[in-house]
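Visitor: dropping a prediction and its sequence here:
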Amino acid sequence: MSSSGDYQVAACAAGFSLGFGYLTTVRAIHQTRANRAPWRSAYIWMIWGEILANLCLGILTWLWLKDIVKNGPVLLFFILFFYVFEVQFLMQIIINRISIISERKATSQKLKIATAVAISCINAAVFCIFIPSHLTPPPS
């Protein structure tokens, strides 16, 4: 059962996320329209993937707070599923922007691949640890 304090913290986080989410979405719309071939741009796909992952994660956690969705392995899986995409997209967006100013394209390509591999390893470890640690009672 969620307490009043839980709802207050969630409401503050939701308001913050909605405010910046709106501004981010407007910016993404402008960048998509300004791109000559948005369907071929990995950057545009990552921006919209990040927005979609954030939206799904926000909806899922709000449904959990309202006790519409019960706590269990399926809920935890989808929380992690959207979290993994969120983290991967954010890191790749940052690396993508760095590669624009990079002088050597080979170095930026290696950086993109190394970042994807490192973040994927971390995400795999999080998947292995997060769900068992949040189950009640934990498996022994």
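Guide: Thanks, I have the structure now.
Visitor: okay, CA-based contacts and neighbour counts for the rest of this
Guide: Fine.
Visitor: now stretch 127-140: average pLDDT?
Guide: Stretch 127-140 shows a mean pLDDT of 77.
Visitor: use 8 as the first number from now on
Guide: Will do, 8 is the new start, and the previous item becomes stretch 134-147.
Visitor: export it to PDB, keeping only CA atoms.
Guide: Below are the C-alpha coordinates for stretch 134-147, written out as PDB (Å, rounded to 0.1, in the frame of the first residue of the first chain):
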ATOM      1  CA  PHE A 134      18.700  -7.600 -14.900                       C
ATOM      2  CA  CYS A 135      20.300 -10.500 -12.900                       C
ATOM      3  CA  ILE A 136      20.300  -8.600  -9.600                       C
ATOM      4  CA  PHE A 137      17.200  -6.300  -9.700                       C
ATOM      5  CA  ILE A 138      14.300  -8.800 -10.100                       C
ATOM      6  CA  PRO A 139      15.400 -11.400  -7.500                       C
ATOM      7  CA  SER A 140      16.300  -8.700  -5.000                       C
ATOM      8  CA  HIS A 141      12.800  -7.100  -5.300                       C
ATOM      9  CA  LEU A 142      10.700 -10.300  -5.000                       C
ATOM     10  CA  THR A 143       8.900 -11.000  -1.800                       C
ATOM     11  CA  PRO A 144      10.200 -13.300  -0.300                       C
ATOM     12  CA  PRO A 145      13.500 -13.400  -2.000                       C
ATOM     13  CA  PRO A 146      14.500 -16.800  -3.500                       C
ATOM     14  CA  SER A 147      17.200 -18.600  -1.600                       C
END
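Visitor: mind listing what's buried in that stretch?
Guide: Buried residues in stretch 134-147, counted by 16 or more other C-alpha atoms under 10 Å: 134, 138.
Visitor: okay, and the closest residue to M98 other than its chain neighbours sits in which element?
Guide: In this structure, M98 finds its nearest non-sequential neighbour in T122, 7.4 Å apart by C-alpha to C-alpha, 6 or more residues apart in numbering. Per DSSP states H and E: T122 is located in helix 112-141.
Visitor: shaky segments in this structure?
Guide: The chain contains residues with pLDDT under 70 at 8-9, 143, 145-147.
Visitor: centroid-nearest residue for it?
Guide: E93 (1.6 Å; C-alpha atoms, centre = their mean).
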